[in-house]
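> What follows is a predicted structure for the sequence shown.
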Amino acid sequence: MQPKASSGGSARAHHPSVPALLGGAQLAPSQLRARADAEQLGDFIKMLANAEYWIGFDLASFEPWLNKCPSPLRELGVAVLLKYGEDIGGRLGQRDIERAQEGLQSTLPSDLDEGVQRGLLSLKRAVQARDRAPGLLQDGFHTSQRNAGMAAHALRAMGSASIWIQGVGAKDRAPQLEVGAPILMRASDERGRALSPLEIDSAMSAEVLIRDEEQARTVVFLVPGEYQVRVPSKASGARKLLLR
């Protein structure tokens, strides 16, 4: 496989970073080389450096959703695909991730191993969600389309919304949910009246599947990362979610 130069420069330049997906672990090769145990991490650093190199080129030959993952999960996913992947088309499989789990476990210091294993679990959920997506589309789900007039509506928005999300407490400011699991959501205004369906945004415009039913919306997130759930007609009440 030969990389093709990207006309847009480094794909890493303005990519969002969400270390929380790996329990706060930082996987940038430059940071790993600065560790006291860097010599013991030689192979792991090379693995990630190779991923960074490829990310600097056109990633069209890799899983499209991988480039929608925030750093450092994106780098970990590309590293797994390059070292453990068997699909010459660049498709990440569950067995590839399992080989990475087996190959990396107990070879890394505890602070890195915990974060890497957590990241690999997120990647595995994303692969499972990708494989289930066609069935969900046949079951009435469709890809969420961002409202083109959202900015204008937001300027006129007034009042607040109360957003209920299945499995999330009303006072939970940093809820974490799993990619691929159907999640029911609904919103109401200050008087408890049901509001129009919620919008889901991500910095990387990651694909989300939705199905509306009886003043509620069921959402299936396909890509790990940070999302915001809000009602466009309301000025406040938006909620942030971490999908892992």
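Cool, the structure landed.

> Could you use CA atoms for every contact and neighbour count after this?
Will do.

> from memory residue 215 sits against residue 193, does it?
No: contact criterion Cα atoms under 8 Å: residue 215 and residue 193 do not qualify, at 10.3 Å.

> neighbour count winner among those two?
Taking neighbours as other Cα atoms under 10 Å, residue 215 and residue 193 compare with residue 215 leading, 14 against 10.

> how close does the more buried one sit to residue 168?
18 Å (Cα to Cα, to the nearest Å).

> Then residue 178?
Plainly put, residue 178 is 12 Å away from residue 168 if you go by Cα to Cα.

> can you tell me which residues contact the most far-flung residue of the chain relative to its centre?
Most distant residue from the mean C-alpha position of the chain: residue 191, 34.2 Å away (Cα atoms, centre = their mean). Going by Cα atoms under 8 Å, 6 or more residues apart in numbering, residue 191 touches no other residue.

> Residue 205 too?
Taking Cα under 8 Å, 6+ apart, we find residue 205 in contact with residue 68.

> where does it fall, phi/psi-wise?
Per-residue torsions, residue 205: phi 50, psi 40 (degrees, to the nearest 10).

> same deal with the one 10 residues further on?
When quoted as degrees, to the nearest 10, the phi and psi of residue 215 stand at phi 60, psi 30.

> Looks to me like residue 26 is in a strand.
No: the assignment for residue 26, made by DSSP: H, G, I helix; E, B strand; the rest coil, is coil rather than a strand.

> Helix, strand or coil: sort out residue 126 for me.
Secondary structure assignment for residue 126 (three-state DSSP): helix.

> picking up where we left off before, what helix or strand is the residue farthest from the centre of the chain located in?
Assigning secondary structure by DSSP states H and E places residue 191 outside every helix and strand.

> and it, how far is that from residue 159?
Between residue 191 and residue 159 the computed distance is 11 Å (Cα to Cα).

> for residue 175, same thing?
Residue 175 is 24 Å from residue 159, where distance means Cα to Cα.

> for residue 140, same thing?
32 Å.

> tell me the mean pLDDT for stretch 158-168?
For stretch 158-168, mean pLDDT is 87.

> So which bits of it are buried?
160-165 (16 or more other Cα atoms under 10 Å).

> Same question for stretch 17-33.
Neighbour counts over stretch 17-33 (16+ other Cα under 10 Å) mark 17-23, 25-29, 32 as buried.
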